[in-house]
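In: A structural model of the following input is requested.
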Amino acid sequence: MTAPDAAIEAVATTETLLVALDFDGTLSPLVDEPLTARMTAGARAVVDELAALPRTTVALVSGRTLADLRVIAEHGDDSPIWLAGSHGAEFRMPGEQTTVSSDAAADTADETALRDRLTAEISRAVAEIPGVRIEPKQYGLGVHTRTADAGGAEAARATADRLVQAQAPTWRRRTGHDILEYSFRHEGKDSAVRHLRERLGATGVLFAGDDVTDEDALASLEPGDLGVRVGGGETVAALTVSDIDGFVEVLETVARLRAAHTG
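Out: Presented below is the predicted three-dimensional model:
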């Protein structure tokens with residue numbers, strides 16, 4: 001048995017399993033219009049299969065706001081899937097409404113007002129750059145450059161950095177696939193996974209992601225867990241797969257082994 005096979009079997013046969021998954025680029029292809037993202041058919045099927053198994057919880061852990069994550073995940077009120085939005089600042093558990101992270105400070109009116117002001121200022125400042133879109137977020141904003149050329153993307157990022165640094169120097173800055181994101185909340189996907197692990201009493205965690213924002217969570221995993229990086233880039237993950245289809249195959253193996261273990 002190879003090392004990846006042994007790691008997959010170990011996490012699949014743990015007593016209480018948390019399967020925590022990034023969405024964009026991990027379960028869904030990256031798209032130009034963010035709210036049109038959807039899981040591939042294979043990803044949807046295996047996620048639903050895992051969520052139905054005993055002592056197994058599936059959670060989507062995303063930088064998206066919780067409201068947008070529910071849209072793209074097609075997440076109904078009766079879904080058994082847990083959600084962590086805004087990099088772990090928002091949670092939704094089955095049967096419950098939105099909550100904020102228990103280890104986060106409450107929002108303030110000043111921070112919210114600053115978010116709105118910066119969103120408006122950056123939007124005006126980059127309005128003439130083709131292909132750049134500013135996304136208001138629950139706790140900050142995002143600068144999308146997927147459809148901009150290299151020069152336009154660089155100019156938009158520089159403008160946003162200048163304005164945020166001048167007015168909100170303590171905000172957390174994140175980069176990802178064609179997005180620059182700022183937030184006045186400092187949670188990360190590592191704290192989201194930790195919160196879910198503790199809440200569920202998970203004895204093992206499988207976490208997967210495709211971007212630099214997922215590396216915090218991958219680096220936080222413990223012995224007996226399994227981290228998977230989908231696609232290229234430097235990573236601390238124990239297992240790397242080339243694309244979503246390759247990751248679906250990993251999840252299908254986990255589901256098969258877990259069904260045999262828990263059945």
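In: which parts of the stretch 151-263 of the chain are strands?
Out: 172-176, 179-183, 204-209, 226-230, 239-241 (DSSP state E, counting those that start in this stretch).
In: same check on the stretch 1-150 of the chain?
Out: Counting by DSSP E, counting those that start in this stretch, the strands of the stretch 1-150 of the chain are 17-21, 56-61, 82-85, 90-92, 99-100, 133-137, 140-144.
In: worst mean pLDDT among these?
Out: Lowest mean pLDDT within the strands of the stretch 1-150 of the chain: strand 99-100, a mean of 64.
In: circling back: out of the strands of the stretch 151-263 of the chain, flag the one nearest Asp68.
Out: strand 179-183 (13.2 Å; C-beta to C-beta). Every C-beta, even on glycine, is put in place using the N, C-alpha and C of the backbone.
In: contacts for the closest one?
Out: Here strand 179-183 makes contact (C-beta atoms under 8 Å, 6 or more residues apart in numbering) with 63, 86-87, 89, 118, 137, 139-146, 156-157, 160-161, 164, 168, 171-175.
In: stretch 132-146 too?
Out: Under C-beta under 8 Å, 6+ apart, the answer for stretch 132-146 is 30, 32, 34, 65-67, 85-86, 89-90, 107, 115-116, 118-119, 122-123, 126, 131, 147-148, 152-153, 156-157, 160, 171-172, 177-185.
In: show me just the buried residues among those.
Out: Buried members of these, counted by 16 or more other C-beta atoms under 10 Å: 34, 65-66, 85-86, 89-90, 115, 118-119, 122-123, 126, 148, 152-153, 156-157, 160, 171-172, 179-185.
In: what is the burial count for the nearest residue to Asp178 once chain neighbours are set aside?
Out: Excluding the flanking residues, the one nearest Asp178 by C-beta to C-beta, 6 or more residues apart in numbering is Arg146, at 3.9 Å. Look at Arg146: counted by other C-beta atoms under 10 Å, it has 16 neighbours.
In: same question for the one 5 residues further on.
Out: Using other C-beta under 10 Å, Gly151 is surrounded by 9 other residues.
In: tell me where this protein is predicted with low confidence.
Out: 1-3, 97-107 (pLDDT under 70).
In: quick one, helices of it?
Out: 3-12, 41-51, 66-72, 109-125, 150-167, 189-200, 215-220, 244-262 (DSSP state H).
In: for Ile81, which of the ones you listed is the nearest?
Out: Per C-beta to C-beta, nearest to Ile81 of these: helix 41-51, 5.6 Å.
In: give the contact list for Val228.
Out: 206-209, 237-241, 247, 250.
In: likewise Thr235?
Out: 215, 218, 227, 229.
In: if you set the cut-off to 10 Å instead, what comes out?
Out: Taking C-beta atoms under 10 Å, 6 or more residues apart in numbering, we find Thr235 in contact with 209-210, 212, 214-215, 218-219, 227-229.
In: please report the distance of it from Leu221.
Out: 12 Å (C-beta to C-beta, to the nearest Å).
In: overlap of the contact sets of these two?
Out: By C-beta under 10 Å, 6+ apart, the residues touching both Thr235 and Leu221 are Gly227.
In: centroid residue for this structure?
Out: Residue closest to the mean C-alpha point of the chain, counted by C-alpha atoms, centre = their mean, is Ser62 at 2.3 Å.
In: looks like that residue contacts Ile81 (just checking).
Out: No. The criterion here is C-beta atoms under 10 Å, and Ser62 misses it with Ile81 at 11.8 Å.
In: quick one: which of the contacts of Thr235 is nearest Ile8?
Out: Val228 (9.4 Å).
In: so what pairs up with the residue nearest to the closest one when sequence neighbours are not counted in the strands?
Out: Of all residues not flanking Val228 in the chain, Ala208 sits nearest, at 3.9 Å (C-beta to C-beta, 6+ apart). As for beta bridges, Ala208 partners with Leu21, Val228 under DSSP bridges.
In: report how many residues lie close to Ala208.
Out: 25.
In: contacts only, for it.
Out: 19-22, 26-27, 61, 214, 217-218, 226-230, 237, 239, 241, 247, 250-251.
In: okay, now Val230: neighbour count?
Out: Neighbour number of Val230 under other C-beta under 10 Å is 28.
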